[in-house]
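In: Provided below for reference: sequence and predicted model.
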Amino acid sequence: MGIVVGKLVKALEEEIFPRVVKRKITEDHENPQEKRRRLDPIPCDNELPSTSGNTECRNTLEAAVSERSTKRKVVADDGPVETKKRTLDQSAMFKAKYQEQEKLGEGGYGCVFAGNRKADNLNVAIKHIAKDHTLKYEDNIGKQIPMEVAVMLKLATETERPSAPINLLDWYDLDQELILVLERPMPAIDLHHYIKAKGGYLKEKDAKVILRQVVDAAIDLQQRHIFHRDIKVENLLIETGIEKKPRVRVIDFGLSCFGAEGDAFQNFQGTHFPPEWYNQKEYKAGPTTVYQIGGVLYDMLHQQSFGQEILYLQRRINWAFSENCRDFFKSCFQTDPDRRLTLQQLRNHLWLR
């Protein structure tokens, strides 16, 4: 049955690490950019973040998720007939509740359609994801739900202020695919196309308005121990019709996981590889997010896009930018992750004041 996320989530379960069904990293000596472009399914073993800090209670999810996941889990002993019946029931419930419309976009692991909720004609986005391409969250008693769902259920605790992340309204676990029903702000456009519509780049003062919100959203996710892992212009939605200034919404939590600022990972998930992954085959949540935020600013201010084929040492920052702006770039693009500013320090940088 589709789950409408409207209830506050209960107290955190202790001593749970998110167990991620990882995607295979590049083979020895293989170019990671070429590997990423293939968009093949990447199977791998369970990953725990390696960290020197105490993460006993950091990567946790509420007890409500475990309770809800019980309803979603297909018991192996049910056999193929029972599994097929459950899938048909889920599919029928989805079709009874939502009207699917035109395709909005497509990626390596799924596609997104426009739609509406039949009961009140609410505009929604309907995301279809192949089941064998979804990361999994497993609690301490072995129950599994898709990681993207687990993360967005945790984000549903946001009640006191407008949420930057797009809200999950409903989800359906079918045999071969996962269907997520998401909030769809209108009018809105992703930041990549927003920049193109503005002539291919933004002025510093306009970029600041957007980047302040991106940094604030990243700080909020970090405080919730959520690591998005794929911050880029395509995953930032810009609402243009509510206020005079554009409002930033964060989308696509398909590669996200639970992790604090100092948690380190060996298997890269995302688009923009930080330098330390090339150098050490390890990356941390906080510094990687800062590096990717620098990439967002690069795309906003330069007509040349922030691509993986352009390594930092070859990347040239336009000297026409203000001194504070150039220093902001330098703070994000430090090759040594320990020398990058933290997200909070980035928010207090002179350029963003």
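Out: Happy to help now that I have it.
In: could you list the low-confidence segments of the chain?
Out: Where the chain drops to pLDDT under 70, the residues are 1-86, 108, 158-162, 242-243, 307-316.
In: spell out the secondary structure type for the residue most central in space within it.
Out: Of all residues in the chain, the one closest to the mean position by Cα atoms, centre = their mean is Phe253, 2.9 Å from it. Following DSSP: H, G, I helix; E, B strand; the rest coil, Phe253 is assigned to coil.
In: how close does it get to Trp319?
Out: The gap separating Phe253 from Trp319 is 37 Å, by Cβ to Cβ, to the nearest Å. No exception for glycine: its C-beta is placed from N, CA and C like everyone else's.
In: just Asp190 next, same as before
Out: 29 Å.
In: go on, Ile141?
Out: Distance, Ile141 to Trp319, using Cβ to Cβ: 57 Å.
In: neighbour-wise, which of the two wins?
Out: More neighbours surround Ile141 than the other of Ile141 and Trp319, with 10 against 7 (other Cβ atoms under 10 Å).
In: separation between that one and Cys257?
Out: 19 Å.
In: mind listing the helices for the stretch 201-350 of the chain?
Out: Under the criterion DSSP state H, counting those that start in this stretch, helices of the stretch 201-350 of the chain are mapped to 204-223, 275-280, 285-301, 323-332, 343-347.
In: for the longest one, buried residues please.
Out: In this case it means helix 204-223. Going by neighbour count (16 or more other Cβ atoms under 10 Å), the buried part of helix 204-223 is 204, 206-208, 210-211, 213-215, 217-222.
In: counting by contacts, list what it packs against.
Out: Counting by 3 or more Cβ pairs under 8 Å, 6 or more residues apart in numbering; DSSP states H and E, the packing neighbours recorded for helix 204-223 are strand 236-239, strand 247-250, helix 285-301, helix 343-347.
In: using JSON lines, please lay out the ones you listed together with mean neighbour count and distance to Glu261.
Out: Formatted as JSON lines, these follow (neighbours: other Cβ atoms under 10 Å; distance: least, Cβ to Cβ, whole Å):
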{"stretch": "strand 236-239", "mean neighbour count": "22", "distance to Glu261": "21"}
{"stretch": "strand 247-250", "mean neighbour count": "21", "distance to Glu261": "17"}
{"stretch": "helix 285-301", "mean neighbour count": "24", "distance to Glu261": "4"}
{"stretch": "helix 343-347", "mean neighbour count": "17", "distance to Glu261": "8"}
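In: can I get those in a markdown table with distance to Glu323?
Out: A markdown table is the format used below for the helices and strands packed on helix 204-223 (distance: least, Cβ to Cβ, whole Å):
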| stretch | distance to Glu323 |
| --- | --- |
| strand 236-239 | 26 |
| strand 247-250 | 26 |
| helix 285-301 | 14 |
| helix 343-347 | 17 |
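In: what about the nearest residue to Ile226 once chain neighbours are set aside, which helix or strand?
Out: In this structure, Ile226 finds its nearest non-sequential neighbour in Val151, 5.7 Å apart by Cβ to Cβ, 6 or more residues apart in numbering. For Val151, the host element (DSSP states H and E) is helix 147-155.
In: and the closest residue to Ala150 other than its chain neighbours, how many neighbours?
Out: With Cβ to Cβ, 6+ apart as the criterion, Ala150 has its nearest non-adjacent residue at 3.8 Å, and that residue is Tyr137. Using other Cβ under 10 Å, Tyr137 has 29 neighbouring residues.
In: so Tyr137, which of the three states?
Out: With three-state DSSP as the basis, the three-state label of Tyr137 is strand.
In: so Asp170 makes contact with Val181?
Out: Yes. Using Cβ atoms under 8 Å, Asp170 makes contact with Val181 at a distance of 3.9 Å.
In: more crowded one of those two?
Out: Val181 (26 against 20).
In: beta partners for that one?
Out: Assessed by DSSP bridges, Val181 has beta-bridge partners Ile126, Asp170.
In: show me what contacts it?
Out: 2, 94, 98, 115, 117, 124-127, 168-172 (Cβ atoms under 8 Å, 6 or more residues apart in numbering).
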